[in-house]
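S.K.: How does the following fold in three dimensions:
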Amino acid sequence: MEQQTIKNFWQDHSLEYLEMAFRTDFQERVEHPDGHGKKTGECGDTVEFFLMAKNGVLTSVTYDVDGCRNTNACANTVVSLAQGKSVNEAWNITHEEVSAFLKTLPANETHCAELAMGAFYLALRDLAEKSKHVTEKENAAHGQDIIV
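M.R.: Predicted coordinates:
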């Protein structure tokens, strides 16, 4: 019975899902990221994103996950969809897009895509807040008035 379940797992999932579910090269905790977001879902899974940006473009998107294979697949998909995009473009990524990319994310596991996107949006918000503070400090250093 167990071998049949394993065989079905490999046959029941798209190549996109399998790649994202088992990929680990974007799993990295960054000490001083430009943006950081962490979210724990009702299921108990936790996802954290670490963003680095330059000139409004995401140059590095990494994550850490404490959760199931579906959550890992969703976090990897967020990285794949966001890496190299402008921050403005990254805000347009949706959990539906994550699910669609994976093709075979089980319907009862779409909360994993929502969780990953929630953590990613928190990281984008943190990035925006930190960027705002840097700009305010730069303006103050140059004697420019800060207009809000």
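S.K.: tell me the pLDDT at residue 8?
M.R.: pLDDT, residue 8: 81.
S.K.: does residue 59 sit in a helix or strand, and which one?
M.R.: strand 57-66 (DSSP states H and E).
S.K.: cool, residue 48 as well?
M.R.: Going by DSSP H and E, residue 48 is in strand 46-54.
S.K.: For residue 8, list the residues it contacts.
M.R.: If you count contacts by C-beta atoms under 8 Å, 6 or more residues apart in numbering, residue 8 has none. C-beta coordinates here come from the backbone N, C-alpha and C atoms, glycine included.
S.K.: Likewise for residue 29?
M.R.: Residue 29 neighbours (C-beta under 8 Å, 6+ apart): 48, 50, 62, 64.
S.K.: Which strands or helices does the strand holding residue 59 pack on?
M.R.: Here strand 57-66 touches strand 46-54, helix 69-82, helix 87-90, going by 3 or more C-beta pairs under 8 Å, 6 or more residues apart in numbering; DSSP states H and E.
S.K.: Pull out the buried positions in that strand.
M.R.: Neighbour counts over strand 57-66 (16 or more other C-beta atoms under 10 Å) mark 58, 60-65 as buried.
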